[in-house]
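Peer 1: show me the folded form of this:
(chains A and B)
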Amino acid sequence: MIPIDVVSQVLPLLQEGFIVTIQLVIIAGILSFVMSFVGGLARLSRFAPLRWVSGFLIEFFRGTSLLVQLFWFYYALPLLGVTLPTGLVGIVALTLNYGSYGSEIVRSSILAVPKGQAEAGIALNMTRFQRMKSIILPQAFRIMLPSFGNLMIELLKGTALVSLITIQDMTFYITQARNTIGHDTLLFSMLLVAYFIIGYVITLVFRWLERKFSAGRV
Amino acid sequence: MTEATEAQDLTAFDIDGKEPIIKYRNVSKSFGDNEVLKGIDFDLYPGERVAIIGPSGSGKTTLARLLMTLETPSEGTIEVDGRHLWHKEVNGKLVPADEKHLHKIRGDIGMVFQHFNLFPHMSILRNCIEAPIKVLGLSKKEAVERAKKMLDKVGMLEKADDYPASLSGGQQQRVAIARALVMRPKVMLFDEPTSALDPETVGEVLNVIKDIAKQGDMSMMLITHEMSFARDVADRVCFFDEGRIQEQGPPSKLFAHPETERLRDFLKSFHMNGNGE
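Peer 2: Below is the predicted model:
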């Protein structure tokens, strides 16, 4: 039997954390999305130094552990004289990490648009900017959507790590609650269900977007 | 013979007193070690229609792609209406052109591709008005009017609201032709426009091109493997092989009396004998 009194005791805590987790997903999600385009386009730039710098940063943040990045911004950066608010540390680390993955999604999707599309744009005397904006990006966007859906779910799961730098997300509240309440199985099961609900909503949103952007496909 | 009468002998088009709109001078193009064009001199007169024939890999397509600025020449110059395409003059010296300069000059050129290259995320009409609005600065109303006229000309007006994926290859190519025409280029390049088509749709596309050739005063460069089409439409036929123009002349002469062994062999593979049949 599920002890109802424990559930009703934990639910308000879970709710508090739920809001924080959703805030992290939305804010870091939007920032990652923006960073993905900035990074992806920078890696394809005609200016070599911009390609090198963006390439290095992306590989660095993609190739190091999110947990270590969080610890670095939370514990190491203050020793260098810069102390960021804890919430901001979480957002910054999540954005750099998932924005780097996203940059690769943007870059590879742009490269996946057939070369003939850009050539048709040149033959119509469109400028580089016009070709990118009206021809390449709309087609690349369709290609990148499923990967972005995946990335947002990864981001959701990544947010659990911020509990380790004392940000009060769902995981933080549940790990606190089990110290006082016990009932580990019940508590962690509730936590899993809560993540699954958010994850499933993300999936539905991206399915809707994919349908919306599939104009012209048979 | 003077240079002018020599040039006139090569084409059935009356070039008397006209200046070429396109001038290739000593143009070469290499991809790595592979030299696909070897010092080409080639003129195209305003209103003249030239068919370019030759085996695959002979450099025909590269010739067109250089003019459309899709490839950069390794050597030589190309002039469009008296202006350098790949160079600009700075203090009397020719320096390589930048994107801005290319944009200024290539507006005179239009191109139809072997694989159509329609924009799959836009309706047929949108395909035809995107560049006129963004590049030529037409109002949406003007652009739609122009586009509809051209779509009507190629027999695709009733498909204006459809997307490219729902059309056959031949239909897509007709739309691609309309899309290029809406820009009103002075020179149109057709790069093997029927090579990627099912045999039963080749005819409809060739007919559309023939119609345009008859009506317009546009210069045309037709890269094709359709010999009877070349004979019907072209004022001049250029035979390319191994990166050079091996032979050129009016179709009546070139197909009936090929002078080089290479051209005779090439025409034999199309079952065309010395009588041009």
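
Peer 1: which residue, neighbours along the chain excluded, lies closest to residue B:193?
Peer 2: With sequence-adjacent residues excluded and distances taken as Cβ to Cβ, 6 or more residues apart in numbering or on different chains, residue B:193 is closest to residue B:112, at 5.1 Å. Every C-beta, even on glycine, is put in place using the N, C-alpha and C of the backbone.

Peer 1: verify the stated contact: that neighbour with residue B:189.
Peer 2: Yes - using Cβ atoms under 8 Å, residue B:112 is in contact with residue B:189, at 7.0 Å.

Peer 1: look up how far residue A:119 lies from residue B:207.
Peer 2: Residue B:207 is 26 Å from residue A:119, where distance means Cβ to Cβ, to the nearest Å.

Peer 1: of these two, who's got more company?
Peer 2: residue A:119 (19 against 14; other Cβ atoms under 10 Å in any protein chain shown).

Peer 1: how near is that one to chain B?
Peer 2: Separation of residue A:119 from chain B (Cβ to the nearest Cβ, to the nearest Å) stands at 5 Å.

Peer 1: what's that residue in contact with, if anything?
Peer 2: Each residue near residue A:119 by Cβ atoms under 8 Å, 6 or more residues apart in numbering or on different chains is listed here: B:68, B:70, B:113, B:117.

Peer 1: and if we set it to 6 Å?
Peer 2: Contact analysis of residue A:119 by Cβ atoms under 6 Å, 6 or more residues apart in numbering or on different chains lists residue B:70.

Peer 1: just confirm it is within a strand.
Peer 2: No - checked against DSSP: H, G, I helix; E, B strand; the rest coil, residue A:119 lies outside a strand; its state is helix.

Peer 1: just list whatever residues bridge to the closest residue in space to residue B:180 that isn't next to it in sequence.
Peer 2: In space, and not counting its chain neighbours, residue B:180 is closest to residue B:110: 4.0 Å by Cβ to Cβ, 6+ apart. Note on residue B:110: beta-bridge partners residue B:188, judged by DSSP bridges.

Peer 1: which residue packs closest to residue B:205, ignoring adjacent ones?
Peer 2: Once flanking residues are discounted, residue B:205 sits nearest to residue B:173: 4.9 Å by Cβ to Cβ, 6+ apart.

Peer 1: so which strand or helix has the one you found?
Peer 2: Per DSSP states H and E, residue B:173 falls inside helix B:169-182.

Peer 1: CA atoms only: put that helix into CSV for me.
Peer 2: What follows is helix B:169-182 as a C-alpha-only set of coordinates in CSV (Å, rounded to 0.1, in the frame of the first residue of the first chain):
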residue,chain,number,x,y,z
GLY,B,169,10.5,15.8,-62.8
GLY,B,170,9.4,17.4,-66.0
GLN,B,171,6.9,19.6,-64.2
GLN,B,172,9.6,20.6,-61.7
GLN,B,173,12.0,21.5,-64.5
ARG,B,174,9.3,23.7,-66.2
VAL,B,175,8.8,25.5,-62.9
ALA,B,176,12.6,26.0,-62.6
ILE,B,177,12.6,27.5,-66.1
ALA,B,178,9.8,29.9,-65.1
ARG,B,179,11.6,30.8,-61.9
ALA,B,180,14.7,31.7,-63.9
LEU,B,181,12.7,33.7,-66.5
VAL,B,182,10.9,35.8,-63.9
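
Peer 1: so which elements touch it?
Peer 2: Counting contacts by 3 or more Cβ pairs under 6 Å, 6 or more residues apart in numbering or on different chains; DSSP states H and E, helix B:169-182 packs against strand B:109-112, helix B:124-134, helix B:140-153, helix B:199-215.

Peer 1: other residues contacting that helix?
Peer 2: Against helix B:169-182 from outside (Cβ under 6 Å, 6+ apart): B:110, B:112, B:116, B:118, B:124, B:127-128, B:132, B:146-147, B:150-151, B:154, B:156, B:164, B:193, B:197, B:201, B:204-205, B:208.

Peer 1: buried residues in it, which are they?
Peer 2: Neighbour-count burial for helix B:169-182, counted by 16 or more other Cβ atoms under 10 Å in any protein chain shown, picks out B:169-182.

Peer 1: do the same with stretch A:174-193
Peer 2: For stretch A:174-193, a neighbour-count test (16+ other Cβ under 10 Å) marks A:174, A:177, A:178, A:181, A:183, A:186, A:187, A:190, A:191 as buried.

Peer 1: cool, and stretch A:10-27?
Peer 2: By neighbour count with 16+ other Cβ under 10 Å, stretch A:10-27 contains the buried residues A:10, A:13, A:14, A:17, A:18, A:20, A:21, A:22, A:24, A:25.

Peer 1: grab the nearest non-local neighbour of the first one.
Peer 2: Leaving aside its sequence neighbours, residue A:10 sits nearest to residue A:177 (Cβ to Cβ, 6+ apart; 5.6 Å).

Peer 1: where do the helices sit along chain A?
Peer 2: Assigned by DSSP state H, the helices in chain A fall at A:4-43, A:48-63, A:66-71, A:77-79, A:86-112, A:115-123, A:128-130, A:137-158, A:170-181, A:184-212.

Peer 1: packing partners of the least confident helix or strand in chain A by mean pLDDT?
Peer 2: Across the helices and strands of chain A, mean confidence by mean pLDDT, DSSP states H and E is lowest for helix A:170-181: a mean of 91. If you count contacts as 3+ Cβ pairs under 6 Å, 6+ apart, helix A:170-181 packs onto helix A:4-43, helix A:184-212.

Peer 1: the shortest one packs against which elements?
Peer 2: This means helix A:184-212. helix A:137-158, helix A:170-181.

Peer 1: for chain B, identify the residue most remote from the centre.
Peer 2: Distance from the C-alpha centroid of chain B, by Cα atoms, centre = their mean, peaks at residue B:91 (33.1 Å).

Peer 1: how close does it sit to residue B:97?
Peer 2: 15 Å.

Peer 1: picking that back up, can the buried residues of stretch A:10-27 go into TSV with extra columns for pLDDT?
Peer 2: Compiled in TSV, those are given as follows (pLDDT from 0 to 100):
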residue	pLDDT
A:10	88
A:13	89
A:14	92
A:17	93
A:18	95
A:20	94
A:21	95
A:22	95
A:24	95
A:25	96
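
Peer 1: what's the closest of the residues you listed to chain B?
Peer 2: residue A:25 (28.9 Å; Cβ to the nearest Cβ).
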